[in-house]
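Asks: the following comprises the amino acid sequence and a computationally predicted model.
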Amino acid sequence: MRDQKSNRSVLITGMGSLNSVSRNVEGFREALYNGRCGIAKSSEGNEQISFGGFIKDLDFRGQTDSLAVSDELKKKALSLGRRAPDGIKYSILTSLEAWAQAGMEGRECDNTRIGIVLAGSNLSVNEQFRVASEYSDQPEFISPSYAFQFMDTYHIGVISELLSVKGVGFSVGSASASGNSAIIQGYNLVKNGSCDICLVVGTAADLSYIEKHAFANLGALGGKDASIPPESVYRPFDRKHDGFIYGQGAGCIILESSDTAEKTKALAELSGGCIVLDGNHGPECNPDGEARAMRAAIEMAGIECGDIDYINAHGTGSPLGDESEVRAIREVFGSHAANIRINSTKSIIGHCLFSAGVCECISTVIQMTNSFVHPNINLNAPIDEGLNLVKGMSSEHSIRYALSNSFGFSGFNTSIVLKALEG
Amino acid sequence: MDKDQIKSILFSNIADIMDMDESEIDVQESLRDLGANSVDRMEIIVETMRKIGVKINMLEFANIKNIQEMVDFLYERSEK
């Protein structure tokens, strides 16, 4: 067991992104800045479950080719992803993009000191549903590979083989807070010296129509008014908010210890993060738990509430959820709350469920390094006029410290703190 | 299904799973010779059985020496 290396800080050195509005981080920056919404309608029957932020028409081969990595790595990526489900293709593409940005290829690295943390659980439910539907009366013909591919951990296996990563690896489940939880576990691993570099990967949730209908039956889905066009349907923090809209989003963040990283090339510092349970089995949100998570993350980062310039909210568009988060923010920040810019990236890319925290961390770093905050799409009448919920268009904003929240069914509350780097 | 059709299905599956051209397949070679590991071999066999519509215990493939023998065996066990 390594000694505590608690003096090292944790830096973000690379990012990869794929979602309904963009194929890479630069594309994501452009979409965030221009407030371009990715919500559309698919052809699925029921009105509500047909809305989503979909990754469409992805050319896996072409996208792999466009990455700034060697031909050898591209060939490996194509070989591993060729016959794999879409989720694996997304993990491969985003990991490679982050790997390239972090300058990992060609670096002399001890690959036993590199780890992988995968965000989420139940990542392949749609694939499971498809196989069960197709083979229930002919189970002898189920693909043998399915035996290990149905598990979430297959993502870790693929990425570790692709990038020759041989340190620690595991998946982290916290429902819709999985992204942040994975980031927090990655932070812990680097901070305590279990690894020097950690990839945190989130892939697009692949739900079958069964899960989508269950969300609809719970009343959790937005788009209840069939007359509203897709681009106007998703309205986090607006008085007409009526639930969440599902989004497909994948992302990879590379965390590295300040001991080994090239600080001048790092994007931001991950200063802390906390996971806090409500002691509740159901989907209800709890402003007290949310406030506790935010306070704990701020304290862990060694800063004051007044240092936070920007919050990337959980902001799902659920009426109770939005109200709860706004209350929690007011409780934590008091009079400073009005100074903080707040937005929900979900309004642009949809609620990416298990990978939301990873996608939104990337959104936060993009805004931080480009000094702007993106608008909350469809925010016309904010539920709280006293808070600085970004409306209309992007605005210039210098972010020194950011908070990113993610909350999940069954009482999960998580919050992470990001710090801008000098220069 | 005749033997040629079975051979065609097997070749197509080998080409797909091994990411190779059908012209590279030599029937005197075994799947192992082509570089297929144990998972690849099982994939190829199960997928071929599915397309042919025949269910054979995997253990019965243990003594098959090469691709030609596999074609012969599958044909022998298939519906004619």
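Replies: Arrived safely, thanks for sending.

Asks: measure the residue nearest to A:Met300 when sequence neighbours are not counted to A:Asn188 for me?
Replies: Once flanking residues are discounted, A:Met300 sits nearest to A:Gly272: 3.3 Å by Cβ to Cβ, 6 or more residues apart in numbering or on different chains. Heads up, the C-betas are built off the backbone N, CA and C, glycines and all. Distance of A:Gly272 to A:Asn188, given as Cβ to Cβ, to the nearest Å: 10 Å.

Asks: those two: who's more crowded?
Replies: A:Gly272 (22 against 14; other Cβ atoms under 10 Å in any protein chain shown).

Asks: got the phi/psi numbers for the more buried one?
Replies: phi 170, psi 170 (degrees, to the nearest 10).

Asks: do A:Leu80 as well
Replies: phi -70, psi -30.

Asks: assign a three-state SS to the closest residue in space to it that isn't next to it in sequence, would you?
Replies: Here the nearest residue to A:Leu80 in space, its sequence neighbours aside, is A:Val158; by Cβ to Cβ, 6+ apart that works out to 5.2 Å. Classification of A:Val158 by DSSP: H, G, I helix; E, B strand; the rest coil places it in helix.

Asks: state the distance from A:Val158 to A:Val117.
Replies: Applying Cβ to Cβ to A:Val158 and A:Val117 gives a distance of 15 Å.

Asks: also A:Ile245?
Replies: 27 Å.

Asks: quick one on the thing from earlier: how close does the residue nearest to A:Leu80 get to chain B?
Replies: From A:Val158 across to chain B, the span is 14 Å (Cβ to the nearest Cβ, to the nearest Å).

Asks: just the element for the residue nearest to the spatial centre of chain A, please.
Replies: Geometric centre of chain A, nearest residue: A:Val358, 2.5 Å, by Cα atoms, centre = their mean. Using DSSP states H and E, A:Val358 sits in helix A:356-370.

Asks: from the chain's centroid, how far away is that helix?
Replies: 9 Å (Cα atoms, centre = their mean, to the nearest Å).

Asks: so after that helix, what's the next helix or strand?
Replies: strand A:372-373.

Asks: quick check: next helix or strand after that following strand?
Replies: Assignment by DSSP H and E places the next element after strand A:372-373 at strand A:388-389.

Asks: next structured bit after that next one?
Replies: strand A:395-396.

Asks: who does that next one pair with, and is each partner parallel or antiparallel?
Replies: Strand A:395-396 has these partner strands in its sheet, going by DSSP bridges: strand A:372-373 (antiparallel).

Asks: point out the residues in chain A that sit beside chain B.
Replies: A:79, A:82-83, A:138, A:140-145 (Cβ under 8 Å from any Cβ of the partner chain).

Asks: from those residues, which land in helices?
Replies: Among these, the residues falling in helices (DSSP state H) are A:Ser79.

Asks: so B:Met18 versus A:Lys75, what's the distance?
Replies: In terms of Cβ to Cβ, B:Met18 sits 15 Å off from A:Lys75.

Asks: who's more crowded, A:Val158 and A:Val117?
Replies: Each of A:Val158 and A:Val117 has its neighbours counted (other Cβ under 10 Å); A:Val117 has more, 28 against 20.

Asks: how close does the residue nearest the centre of chain B get to A:Glu140?
Replies: Most central in chain B under Cα atoms, centre = their mean is B:Leu10, positioned 4.4 Å from the mean C-alpha point. B:Leu10 sits 17 Å away from A:Glu140 when distances are taken as Cβ to Cβ.

Asks: again, but for B:Asp40
Replies: 18 Å.

Asks: A:Ser415 now?
Replies: Counting by Cβ to Cβ, the gap from A:Ser415 to A:Glu140 is 49 Å.

Asks: who has more neighbours, these two?
Replies: Applying other Cβ under 10 Å to A:Ser415 and A:Glu140 shows that A:Ser415 carries more neighbours, namely 33 against 13.

Asks: surely the more buried one meets A:Asn180?
Replies: Yes: taking Cβ atoms under 8 Å as the definition, A:Ser415 is a contact partner of A:Asn180 at 7.2 Å.

Asks: common neighbours of the two, please.
Replies: Counting by Cβ atoms under 8 Å, 6 or more residues apart in numbering or on different chains, the contacts common to A:Ser415 and A:Asn180 are A:273, A:404-406.

Asks: count of residues packed around residue 49?
Replies: In the absence of a named chain, this looks at chain A. The burial count for A:Ile49: 20, using other Cβ under 10 Å.

Asks: please go with chain B instead
Replies: Around B:Met49 there are 21 residues (other Cβ under 10 Å).
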